[in-house]
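S.K.: Structure here, sequence nowhere to be found:
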């Protein structure tokens, strides 16, 4: 089926220095402070939130009338958050999304609720493609440093709530990072503003697209730059004809230097396989000390 165009890049909060906390408090927008009962998610839990399967990530058994489950994201720099989808099992009575540009602990500072022109990004799990069809735009007044998502449970008796996934779409605010490695369009040198989308690709076919990596620093060289793509349906290459691999050693990129053109191939499953959306995640890393 056709889906709306992805609004922005999916924020890779499991690998970009973001710290994520969960809480099973009874919160409101004025009392969001972290406390000793709150738990910082580990790498595995954050990766589970980022994937598209239905594995349990964070669960909470509510027995009181106001039981709620919360996730906080503390980004390492200011971010423009433009969309999200939060999927869970279990019923809900109310939801809240908030953003702050100046909080230090999840409670102080100034908070705002975003505009949600197409409705809430909170979705009760119902189909394997909900992570794609359930994305809803968000609009804050400006960049934020911290995001919070809350769903209050319908806990007449007892109600188990399980976070299935949480995808956030956006990008680093202009000027927030002096040094960065970004993906760009080889034809225009413009930064990708959304993931490369292969659209309604027929089953049993392969489609190839191109990209480059650019060092945005005006002074520092990025060394040990590598590309990684671990996905059953996608591979990358240094040439349009392959060889197709899952990792590429880019080497060094000097200040404001663009890499060679690289290729990404999407191979759809054989005819007769289930139809569902797919997502290739290409990760770029480099030696420590470059990003700031």
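M.R.: Thanks, I have it. Computed from a predicted structure; not experimentally measured. Residues are numbered from 1 along each chain as shown.
S.K.: count of neighbours near residue 273?
M.R.: Using other Cβ atoms under 10 Å, residue 273 is surrounded by 10 other residues. From N, CA and C alone the C-beta is placed, and that goes for glycine too.
S.K.: how near is it to residue 18?
M.R.: Relative to residue 18, residue 273 is positioned 34 Å away (criterion: Cβ to Cβ, to the nearest Å).
S.K.: Spell out the residue ranges of the helices in the stretch 1-150 of the chain.
M.R.: The residue ranges that make up the helices of the stretch 1-150 of the chain, judged by DSSP state H, counting those that start in this stretch, are 43-50, 130-133.
S.K.: Out of the ones you listed, the one nearest residue 148 is which?
M.R.: Checking the helices of the stretch 1-150 of the chain against residue 148 by Cβ to Cβ gives helix 43-50 as the closest, at 14.4 Å.
S.K.: Return the distance of that closest one from the chain's centre.
M.R.: Distance of helix 43-50 from its chain centroid, counting by Cα atoms, centre = their mean, to the nearest Å, is 11 Å.
S.K.: That one: which residues count as buried?
M.R.: Of the residues in helix 43-50, those buried by neighbour count under the rule 16 or more other Cβ atoms under 10 Å are 45-46, 48-50.
S.K.: go on, stretch 128-139?
M.R.: Within stretch 128-139, the residues that qualify as buried are 130-132, 134-138, counting by 16+ other Cβ under 10 Å.
S.K.: For it, measure first residue to last.
M.R.: 26 Å (Cα to Cα, to the nearest Å).
S.K.: For the chain, give me the ranges with low pLDDT.
M.R.: Residues of the chain that meet the criterion pLDDT under 70 lie in 1, 24-38, 56-67, 91-93, 153-161, 196, 292.
S.K.: Looking at the record's assignment, how would you partition it?
M.R.: 19-172, 181-285 (automatic domain parsing).
S.K.: okay, those in a markdown table with distance to residue 291 next?
M.R.: Putting the domains of the chain into a markdown table (distance: least, Cβ to Cβ, whole Å) gives the following:
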| stretch | distance to residue 291 |
| --- | --- |
| domain 19-172 | 9 |
| domain 181-285 | 8 |
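S.K.: hey, which of the ones you listed is tucked in deepest?
M.R.: For these, the largest average neighbour count (mean count of other Cβ atoms under 10 Å) is found in domain 19-172, namely a mean of 18.
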